[in-house]
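Engineer: Sharing a model that was predicted from the sequence below.
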Amino acid sequence: MPLDYEKIKRWPIPPAEQAYGVRETILYALGVGVATSNPVAEDDLKYVYEDGLRALPTQHAVLAPGAFWMGDPGTGIVVEKILHGEQFLTVHKPLPPQGRVIGRTTVEEIYDKGAGKGAVMYLSRRIHDAATDELLATVGFSIFLRGNGGFGGSAAGAPVPHAVPAQRPPDASLDLVTRPEQAVIYRLSGDWNPLHVDPRVAALGGFDKPILHGMCSYGVAGRAVLKLLCGNEPARLRRLDVRFATPVYPGETLRTEIWREGAGRAAFQVRVVERDVVALTNGYAEWLD
């Protein structure tokens with residue numbers, strides 16, 4: 001179904017406000033796999049313990065998403081055929097472990113791949129401190145609209161994914177485990193899609209069991225980047241971009257492979273160890289070196 005480009009570009013997406021506290025910050029960290037040992041690894045304790053608690057930078061990406069406006073029939077978007085394609089994060093200021101934020105979402109652009117081929121919509125959500133209106137982070141993402149190609153737009157100028165230099169071995173890698181109950185914990189941070197918990201819904205989607213949230217895998221990758229490039233200091237991370245390639249199952253091990261590209265810049269990908277498939281690709285990170 002073709003969509004109305006100008007209508008979607010001007011769609012009135014209301015700001016969303018969200019309060020979060022120590023409980024939500026710890027729950028998010030648990031949801032992306034922190035604290036899988038007893039005792040908790042010393043350099044991870046700060047993400048799950050209220051004494052000196054720090055927020056993981058990727059927590060920005062789950063705050064103040066607002067209502068699911070794409071489900072409004074007036075948009076013309078075929079919601080049964082949408083996929084989350086890419087995720088981007090630019091951190092302007094470290095996230096406090098508790099506070100109140102406002103998310104302001106904008107449709108940045110829609111690229112038409114053609115009738116029967118779908119379209120790609122790029123959006124951004126700016127996360128502001130509700131008390132000061134200070135910009136904390138810019139969260140970006142792309143949505144593949146598989147049922148909405150051929151609206152008469154152009155594919156010219158679409159962003160090009162960051163290349164991973166696979167012609168040489170990675171400079172560093174880190175394996176992080178996920179737990180069998182990882183999706184059940186992660187969904188408590190706000191993504192209630194039953195695909196990730198109900199075997200019947202997973203089967204309808206073509207999976208033999210529930211899959212892990214893509215944004216959970218993204219958070220695990222963020223943890224690995226922090227450890228490998230930032231000395232596990234959350235304030236040093238400035239950017240984290242990925243493309244989703246293959247679903248992950250809870251309980252699998254995720255290996256983040258990193259290629260340094262210069263001062264404060266690196267490419268990365270995330271591989272499922274047990275199946276030797278790439279789950280996240282075209283990764284790009286920036287940090288304070």
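Structural biologist: Nice, thanks for sending it over.

Engineer: contacts, neighbours, all on C-alpha from now
Structural biologist: Fine.

Engineer: isn't Ser154 right next to Asp112, touching?
Structural biologist: Yes. Between Ser154 and Asp112 there is a contact under CA atoms under 8 Å: 5.1 Å.

Engineer: mind listing the strands for the stretch 1-150 of the chain?
Structural biologist: Assigned by DSSP state E, counting those that start in this stretch, the strands in the stretch 1-150 of the chain fall at 16-20, 82-91, 99-114, 118-129, 135-145.

Engineer: got TSV for those strands, with mean neighbour count too?
Structural biologist: Formatted as TSV, the strands of the stretch 1-150 of the chain follow (neighbours: other CA atoms under 10 Å):
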stretch	mean neighbour count
strand 16-20	15
strand 82-91	20
strand 99-114	20
strand 118-129	22
strand 135-145	22
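
Engineer: Can you say which of these is nearest to Ala279?
Structural biologist: Minimum separation from Ala279 across the strands of the stretch 1-150 of the chain (CA to CA) falls at strand 82-91, 11.9 Å.

Engineer: buried ones in stretch 27-35?
Structural biologist: Leu27, Tyr28, Ala29, Leu30, Gly31, Val32, Gly33, Val34, Ala35 (16 or more other CA atoms under 10 Å).

Engineer: now swap in stretch 272-288 and tell me
Structural biologist: Val272, Val273, Val278, Ala279, Leu280, Thr281, Asn282, Gly283, Tyr284, Ala285, Glu286, Trp287.

Engineer: ok, the nearest residue to the fourth one once chain neighbours are set aside - contacts?
Structural biologist: Just to be clear, that refers to Ala279. Counting by CA to CA, 6 or more residues apart in numbering, Thr246 is the residue found nearest to Ala279 once chain neighbours are left out, at 4.3 Å. Counting by CA atoms under 8 Å, 6 or more residues apart in numbering, Thr246 makes contact with Val277, Val278, Ala279, Leu280.

Engineer: coming back round to it: going by distance to Tyr47, which of the buried residues of stretch 272-288 wins?
Structural biologist: Closest to Tyr47, out of all of those and judged by CA to CA, is Trp287, at 19.1 Å.

Engineer: Next, give phi and psi for the closest one.
Structural biologist: The phi/psi pair for Trp287 (degrees, to the nearest 10) reads phi -150, psi 170.

Engineer: Please name the nearest non-neighbouring residue to it.
Structural biologist: With CA to CA, 6+ apart, the residue lying closest to Trp287 is Leu237, at 4.4 Å.
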